[in-house]
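Colleague: sequence and predicted structure are below.
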Amino acid sequence: MSFAPLDPVLHSQLRLAVMSLLMAVDEGDFTFLLERTGATRGNLSVQITKLKEAGYITVKKTFKENYPNTLCRTTPKGVKAFEEYVRSIKGYLGK
Amino acid sequence: MPEINTKHMEKNMTPEESLKVIESMIGQAKRSFSSMSFYFLLWGVLLICAMITTYVLRDEPRSVSQGAVWAVAGILGGVVSSVHGIREGKRNRVSNPMDRVIGWLWSAFVITMVITIIVSVGHHRDPGPMITLITGFATFLTGQILRFRPLIIGGILFWAIGAAMHFTHDVLITSVLYCCAMLFGYIVPGLMLKHQENVLRTT
């Protein structure tokens, strides 16, 4: 029995964590992702850029009470990739 | 909740680890909710006070005193709710679908309530029983969305009391029924929800 290869963009702990968080909400800001993942600022920033470059999330830079605020949300392409990834790992696990 | 170490982001994960990351993060996201208990407690206390004041003023000319009491309660509650909502919105770092749906649900409730009041007053009818019924509708749905049983029971109670209010014109009975609806439909579930929100935020 052969299994579909896992999406390399999502098969990374922090990127998968970010996508999982964003799948459960409409929109989350950088601090929310930082607090929930426990990642470092630099690392999170790099992984957000990779997800954005893959077209899985959109990143909007705004201001909140005079401070820069980075808002992230999933794109339809990202949602589809995430669902496909979940289906694949369930296939590996025989669920 | 299993702890996920996301610092080593390029570590090769097994499917089990991937699933653990997904489950853990979705669990984390679920804790990012707005506080709803404030609104139930505020409106519960405010409307019980309005009902008691209306009962005390029952012998005054109806059009002036009673209408004014409910208008003051409505405006006061609306202003305090709006200020609290704006403050919460500024603090929130995330917007989630559940908050959005509940927000629209209560906006629709307010619009329906205002129309009901205008139409009922225009036909010289007491809007109380109808408003109690639609309060049951909104409370029941909020309970279902939050999966919070005390609010579901509160919604059912509003329906039962709203229906009962249609069959009596006794001011004392109506007032007692309405206060019971507010106490067990808003205040008690509101206190229980506040406790649950505190527990979820600290775990």
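Modeller: That came through fine.
Colleague: and the nearest residue to B:R31 once chain neighbours are set aside, how far is that from chain A?
Modeller: In this structure, B:R31 finds its nearest non-sequential neighbour in B:L200, 5.5 Å apart by Cβ to Cβ, 6 or more residues apart in numbering or on different chains. C-beta here means a position set from N, CA and C on the backbone, and glycine is covered the same way. As judged by Cβ to the nearest Cβ, to the nearest Å, B:L200 and chain A stand 14 Å apart.
Colleague: state the helix or strand in which A:V79 lies.
Modeller: Element membership for A:V79, per DSSP states H and E: helix A:76-93.
Colleague: next one, pLDDT for the residue nearest to B:R31 please.
Modeller: Looking at B:L200, its pLDDT is 70.
Colleague: quick one: buried residues of the helix or strand that contains it?
Modeller: Using DSSP H and E, B:L200 sits in helix B:188-202. Judged by neighbour count (16 or more other Cβ atoms under 10 Å in any protein chain shown), helix B:188-202 contains these buried residues: B:V188, B:P189, B:G190, B:M192, B:L193, B:K194, B:E197.
Colleague: then it to CSV, C-alphas only?
Modeller: Only the C-alpha atoms of helix B:188-202 are listed here, as CSV (Å, rounded to 0.1, in the frame of the first residue of the first chain):
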residue,chain,number,x,y,z
VAL,B,188,-27.2,32.1,37.0
PRO,B,189,-25.8,30.9,33.5
GLY,B,190,-23.8,34.1,33.4
LEU,B,191,-22.1,33.4,36.7
MET,B,192,-21.5,29.8,35.7
LEU,B,193,-20.1,31.0,32.3
LYS,B,194,-17.8,33.5,34.1
HIS,B,195,-16.4,30.7,36.3
GLN,B,196,-15.8,28.5,33.2
GLU,B,197,-14.1,31.4,31.3
ASN,B,198,-11.8,32.0,34.3
VAL,B,199,-10.9,28.2,34.5
LEU,B,200,-10.2,28.0,30.7
ARG,B,201,-8.1,31.1,30.7
THR,B,202,-5.9,29.9,33.6
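Colleague: which residues touch it?
Modeller: B:31, B:33, B:35-41, B:44, B:139, B:143, B:146, B:148, B:150-151, B:153-154 (Cβ atoms under 8 Å, 6 or more residues apart in numbering or on different chains).
Colleague: where are the low-confidence patches of chain B?
Modeller: Applying pLDDT under 70 to chain B flags residues B:1-12, B:33, B:61-65, B:201-203.
Colleague: can you give me the strands in chain B?
Modeller: With DSSP state E as the criterion, chain B has strands at B:94-95.
Colleague: show me the helices in it, by range?
Modeller: Using DSSP state H, the helices of chain B run over residues B:15-30, B:37-56, B:62-91, B:97-122, B:128-146, B:149-165, B:171-182, B:188-202.
Colleague: measure B:L200 to B:G27 for me?
Modeller: According to Cβ to Cβ, to the nearest Å, B:L200 and B:G27 sit 11 Å apart.
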